[in-house]
Structure formats: structure tokens, C-alpha cells
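J.: dropping the sequence and predicted coords here.
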Amino acid sequence: MVNQTSVDSSDSRAKILEAARIEFAEKGFDGARVDSIARRANLNKALIYYYFKSKDELLEELLRVFLEERKLGRDSIPRDGQNKDLPHRLAQFDVDFLFQRRDVLRIALMEDLKSSKDGIPGPGTLLKHWLEGLGQSREAYSKEGYGFRYTPRVMAAMYFFHMMPTMAFCTMGETLAKAIGIEPSVLREEFLKLVGEINTQQFHSVFGQSCTDSQPEVSLPGIVPRPPSETMVRVFQAFRPDELYSAEKVEAILSEIADPPGELFAKLVEFRQLKMDGRGRFRWVGQGSESVANVRPPQEHLKTSPEQRAKLVAKHMPNGRLEAFPIKEKARLALIEHISELFHNDRTYSEKQVDEILKKVVDDHTKARRYLIDYQYLHRKPDGSQYWTWDHQTP
């Protein structure tokens, strides 16, 4: 038989916390009153003090529940074999979770601002919660192949370029959307794209570089500092930027570093430190220092002038659709270059998305996709799970 006292106790606590959430959100912590919380909960004021000794303890419990729900939610994110981008999946979760609880988030941020006066994050603050979860967070990333160290540079990037912007969007995004007259969902999608771009830009230059950075890790509770990765240091010393290597040569180089070299080879390709061209050769990118400004457009020697290309497009695609590719390579390349402009350099695509775009303008979309890869207007991962344009920043 269920203990009725236990049920009533749980129900009363839940009512008190919900009433406190509304009261704190409307009036702030300092303006909130226990009398008002009791009226909102339709409970006796004395009952509130039975469960919570003070208004401070009530706020602390409210924030504890909020932070625990976030932690459990992040831990339960399914590991999707088709979508291995863990940073983006976590960002999507945080945006949805924090936006739905933006009233509590605002309260939590106010408490963080108060505690910042002393320079020591107090219990129940977002900063303390974030610091305490860094060890578990790194473990989760490591299981999916993302290795990094908590150097000062990484800490600055994680807090000020990842965590803080997300909290700012969740607390102020709806206000901005209304002010500029767009749907919040539209702003959310644009924000997530920007998050993806930041992840892309910092993947090697911040997080990847920390593996070879000589700076020691910051001292954090529960985290055993890691020295720079000797393996990655040797890898970076073994390859020359922008030099082309055959698969056999890469394997030979890596066999001097790791035995067997296959897993390390696969990781370097997966994380785009080794980029494969259309002929199966590999170019070393390393820290992601490659700049779009320094990347030469593909097939420059076969390029046509804008006027010539326009004539060829008008001839072979009079209705905006290509029925068959011409035999002459120069004409074929002009059409491929024209079709490649359907893809944007600020995002990546799945193979399904590539095909959906090509089916709208080409009868033989499979051949078009192959030409785009062969002529290097599109690049892709070895398993075909991700495609990007030739002038896209290293994903």
C-alpha cells in the first residue's frame, strides 16, 4: 500500500517549488516573499518552513533541481550512429532545455552575478555546476573520440564562446525575435547554425590544439591533469602542411607512431586533419590553420569566363534543368561549376541532402554528385556521411 503521508509530502514540496519559481521569476529573489509563495501554493506558510528553513534554502533547492534535470537530460542524449557530432547535439539540447526553463535560468544567472562579487561561485550557481561537471563532460566526449585538455585557452572558449552565448540566447532570444518581428523558431535555427560554425572553427584551433599545447591544464576538482599527447605531438611533427601523401605513405608514417596504425589513421581522417582529395591522396591540415583565402578554386586550368559559362548553361540547361552532360570536358566542367553554386560554404550536407538538391536540376543526380566530387567542388568524408564545398572552413 502506498504511504499517503509520503505522497502528500512529495506533492506539497512540488507545489512549493512551483510557486517559488513563479514568485522568484516575477519579483526576483530579493522582492519575493514567503507569504506570497504560500498563497500561490495554496498552503500554510508554516508548511513551507517545515520543508525549507529559509527563502535562501528554497532558492537553492529550486536551482538544484533545475541543474540536476539538465545534467540528467544531457547524460541521456542518445548516441546516434548517423549523427556523430556530439558538440552540436549537446548544443541543441541546451538551447531547447534552457529556453523552456528560461524563467529559472534568469534567476540562476542573477545568483551567479551576485556570487561573482566575491570571485567564488556559491552552491547552486550555474558556474559551480558547470565546473563540477567538467570531468564527466570530458569523459563523454572522449567516448565519442573527441580528445582535448582543459588548458586556459579551452576554458575561455568553452565558457565565453559556448556556454554564455547559449544562456544569453535562451534568456533574451524571444525578446529579440519579437523586437525585430520574426518567429523565435527562425532565430533559434540561425543561432544553432552560428553555434555549428563556432564549433567548426574551434575544433582544431582550440580543442585539437590543446592536445599538443605545452601549457598545463588548469587545476579543477575531480580532474587528473593530462600532459600533452606525445602521440599527437609526433603526428604533427611527422607531416608537412599541404603536402600530398598516398594512403600507403600515411600508413607507413603512422606505423612508426602507433601499432597498429589503422585506428589513428581513421581518426585523423574523421576529424579532417588528413583531407582526402578526389584521387585518393591525403593532404595534412593539422591544426585547421587552413584559410579559405588560401584555398585555390578547383580546376582553374579548365575554367571558362563568366560569359562563356553563361552561354553553355543556357545551351544545356535552357529550362533550368540538365538532361545529359556534354561530352566535352570544358563544357561539362562549366555546368558542374554552375550546379555547385547550389551549395553553400557555411554548412555541411548529408548525402541525402546533396541528392535532394541535385534532383531538382539534374536528371542523373548520381552522376552529378560524382562529378562534383571528382572535380573537387564538393569534398566528403570517406564514409560519405558528410559533404562540404571546396571553400568551406574545415568541418
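T.: Thanks, I have it.
J.: show the pLDDT at Leu194.
T.: Per-residue confidence (pLDDT) for Leu194: 88.
J.: Three-state assignment for it, please.
T.: What DSSP: H, G, I helix; E, B strand; the rest coil gives for Leu194 is helix.
J.: how near is Ala91 to Asp346?
T.: Ala91 is 16 Å from Asp346, where distance means Cβ to Cβ, to the nearest Å. No exception for glycine: its C-beta is placed from N, CA and C like everyone else's.
J.: more neighbours: which of these two?
T.: More crowded of Ala91 and Asp346, by other Cβ atoms under 10 Å: Ala91, with 20 against 14.
J.: and stretch 240-260, what's buried?
T.: Neighbour counts over stretch 240-260 (16 or more other Cβ atoms under 10 Å) mark 245, 250, 253-254, 257 as buried.
J.: can you tell me the helix or strand for Thr166?
T.: helix 164-180 (DSSP states H and E).
J.: centre of the chain to that helix, how far?
T.: Going by Cα atoms, centre = their mean, to the nearest Å, the spacing between the C-alpha centre of helix 164-180 and its chain's C-alpha centre is 18 Å.
J.: now the most centrally placed residue in the chain: how far from Gly196?
T.: Taking Cα atoms, centre = their mean, the centroid of the chain lies closest to His88, which sits 2.8 Å from it. In this view, His88 and Gly196 are 6 Å apart by Cβ to Cβ.
J.: buried sites along the helix holding Thr166?
T.: In helix 164-180, the ones that count as buried by 16+ other Cβ under 10 Å are 166-167, 169-171, 173, 177.
J.: need the contact list for the residue lying closest to Phe207 once chain neighbours are set aside.
T.: Nearest non-adjacent residue to Phe207, counting by Cβ to Cβ, 6 or more residues apart in numbering: Phe148, 4.2 Å away. With contacts defined as Cβ atoms under 8 Å, 6 or more residues apart in numbering, Phe148 is in contact with 138, 141, 154, 207-208, 210-211.
J.: look at Phe148 and tell me its secondary structure.
T.: Secondary structure assignment for Phe148 (three-state DSSP): coil.
J.: cool, and Ser385?
T.: Using three-state DSSP, the secondary structure recorded for Ser385 is coil.
J.: try Ala252
T.: helix.
J.: pull the longest helix from the chain.
T.: Longest helix in the chain by number of residues, with DSSP state H as the criterion: helix 4-31.
J.: what's the average pLDDT for it?
T.: In this model, helix 4-31 carries a mean pLDDT of 76.
J.: so this structure: which segments form each domain?
T.: In the domain annotation for the chain, the residue ranges read 79-210, 233-289, 293-389 (automatic domain parsing).
J.: quick one, which of those domains is nearest to Ser36?
T.: Between Ser36 and those, the shortest gap by Cβ to Cβ is with domain 79-210, which sits at 15.3 Å.
J.: just how off-centre is that closest one within its chain?
T.: Worked out by Cα atoms, centre = their mean, domain 79-210 lies 9 Å from the chain centre.
J.: list the residues that contact Arg321.
T.: Residues touching Arg321, when contacts are defined by Cβ under 8 Å, 6+ apart, comprise 361-363.
J.: type out the PyMOL command that picks the buried ones from those.
T.: Typed into PyMOL, the next command selects the buried ones out of the contacts of Arg321 (criterion: 16+ other Cβ under 10 Å):
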select buried, resi 361+362
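J.: what ranges do the strands span in this structure?
T.: Using DSSP state E, the strands of the chain run over residues 244-245, 274-276, 282-284, 378-380, 387-389.
J.: tabulate the ones you listed (TSV), appending distance to Phe97 and mean pLDDT.
T.: Listed next are those as TSV, based on distance: least, Cβ to Cβ, whole Å; pLDDT from 0 to 100:
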stretch	distance to Phe97	mean pLDDT
strand 244-245	44	86
strand 274-276	35	78
strand 282-284	39	82
strand 378-380	32	85
strand 387-389	29	85
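J.: and Lys128, which of those is closest to it?
T.: Distances from Lys128 to each of the strands of the chain were compared using Cβ to Cβ; the shortest belongs to strand 387-389, at 38.8 Å.
J.: so which elements touch the closest one?
T.: Strand 387-389 sits against helix 351-359, strand 378-380, with contacts defined as 3 or more Cβ pairs under 8 Å, 6 or more residues apart in numbering; DSSP states H and E.
J.: just say which of the ones you listed is most tucked in.
T.: With neighbours taken as mean count of other Cβ atoms under 10 Å, those reach their highest mean count in strand 378-380, at a mean of 22.
J.: direction included, what does that one pair up with?
T.: Strand 378-380 has the following strand partners under DSSP bridges: strand 387-389 (antiparallel).
J.: can you list contacts of the strand it pairs with?
T.: 340, 343-345, 347-351, 353-354, 377-381, 395.
J.: list the contacts of Leu358.
T.: When contacts are taken as Cβ under 8 Å, 6+ apart, Leu358 is in contact with 339, 342, 365, 368-369.
J.: change it to 6 Å
T.: Contacts were defined as Cβ atoms under 6 Å, 6 or more residues apart in numbering; by that measure Leu358 touches 365, 368.
J.: pLDDT score assigned to Gly278?
T.: Predicted confidence (pLDDT) for Gly278: 67.
J.: now swap in Glu300 and tell me
T.: 60.
J.: now do the same for Ala179: its pLDDT.
T.: Per-residue confidence for Ala179 comes out at a pLDDT of 95.
J.: any idea how far it lies from Ile198?
T.: Computed as Cβ to Cβ, the Ala179 to Ile198 distance reads 24 Å.
J.: show me where pLDDT drops low in the stretch 251-395 of the chain?
T.: Along the stretch 251-395 of the chain, the parts satisfying pLDDT under 70 run over 270-272, 278, 286-303, 383, 392-395.
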